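S.K.: Sequence and predicted structure, then a few things I'm wondering about:
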Amino acid sequence: MPGGRLTQQERQQIALGLAEDLPYAEIARRLARPTSTVTREVMRNGGPTGYRADLAHHATEHRARNHTRKKAATGHPGTPPPAHGRDAEAVRAYEETFAELFMQSGLPTMTARTLAALYTTDTGSLTAPELAARLRISPASVSKAIALLEGQGQIRRERDERRRERYVVDDDVMYQSTMASARATAHLGEVARRGVDVLGQGTPAAARLENIARFVDFVAEGIARAADQAREILHPKGPTGDAPS
């Protein structure tokens, strides 16, 4: 039933849909389920190439039994209680959904989970020990994820009043990350245009590369222009560089 747990028969239908190379949205439509349900199910259980209906069903049942046993237990050491009266299970489920979105864009699992955790914390920043406790992963995994995110311009580091290093996501980080994406897109256009002379003006291959270059130039300019406009309208800065009060 929509909204309830997937049945074993539904998982078999998902496996058949993957074997037919159907998109998640089409599989979900056939099951009368949200696309996010199918996406989460597949990504949790081996991905599109490794998904097995029986194994996925057994794994889900195992997780459910573990959850029942742990429901009355206290939280993981170092993990603060949910703020603002939030449902801890609902928050965790949402973070998983958010992380899966990042995974679909190409981020490794731990990196995606780290970024989702930063976006869903009220402060918009966490220390390495806080991330390790929140995600229940090793400090080494946190360090690796942070290095990748920082390299992509998706987070920044800063020191708090206690001189602890914190990893931050905020409006400026989002702007800088978007501009980095625009620059990467523009670079693709530059590389494509170099091939025009290499392959010879007027040849079919050169024409194709020129079309690619024109297309990505247009897209990159649009991304950069939209990011500038969004920052100006949504996050205007005062004369001193601070947001007006």
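M.R.: Received the coordinates, thanks.

S.K.: Now the terminal residues of stretch 37-50, how far apart.
M.R.: With C-alpha to C-alpha, to the nearest Å as the measure, stretch 37-50 spans 17 Å from end to end.

S.K.: Neighbours of the residue nearest to Gln154 when sequence neighbours are not counted, how many?
M.R.: Sequence neighbours aside, Ser177 is the residue nearest to Gln154 in space, at 4.9 Å (criterion: C-beta to C-beta, 6 or more residues apart in numbering). Where C-beta positions appear, they are placed from N, C-alpha and C, glycine not excepted. A total of 18 residues lie near Ser177 under the criterion other C-beta atoms under 10 Å.

S.K.: My guess is Ser177 contacts Gln152. True?
M.R.: Yes. Here Ser177 reaches Gln152: they are 7.0 Å apart, a contact under C-beta atoms under 8 Å.

S.K.: so what are the domain limits for this protein?
M.R.: 8-69, 84-169, 172-234 (automatic domain parsing).

S.K.: in the chain, which segments are predicted with low confidence?
M.R.: 1-3, 63-82, 238-245 (pLDDT under 70).

S.K.: residue closest to the middle of it?
M.R.: Phe102 (1.7 Å; C-alpha atoms, centre = their mean).

S.K.: thought it was touching Ala112?
M.R.: Yes. Shown here, Phe102 and Ala112 form a contact pair, counting by C-beta under 8 Å, at 3.7 Å.

S.K.: Hmm, Asp122 and Ala83 touching each other?
M.R.: Yes. Ala83 lies in contact with Asp122 (C-beta under 8 Å); the separation is 6.1 Å.

S.K.: what do the two both touch?
M.R.: Residues touching both Ala83 and Asp122 (C-beta atoms under 8 Å, 6 or more residues apart in numbering): none.

S.K.: tell me the helices in the chain, going along the chain?
M.R.: Taking DSSP state H to define them, one finds helices in the chain at 8-19, 24-31, 35-44, 47-50, 53-70, 88-104, 109-119, 128-135, 139-151, 171-199, 204-234.

S.K.: tell me the most buried of those helices?
M.R.: helix 109-119 (a mean of 22; mean count of other C-beta atoms under 10 Å).
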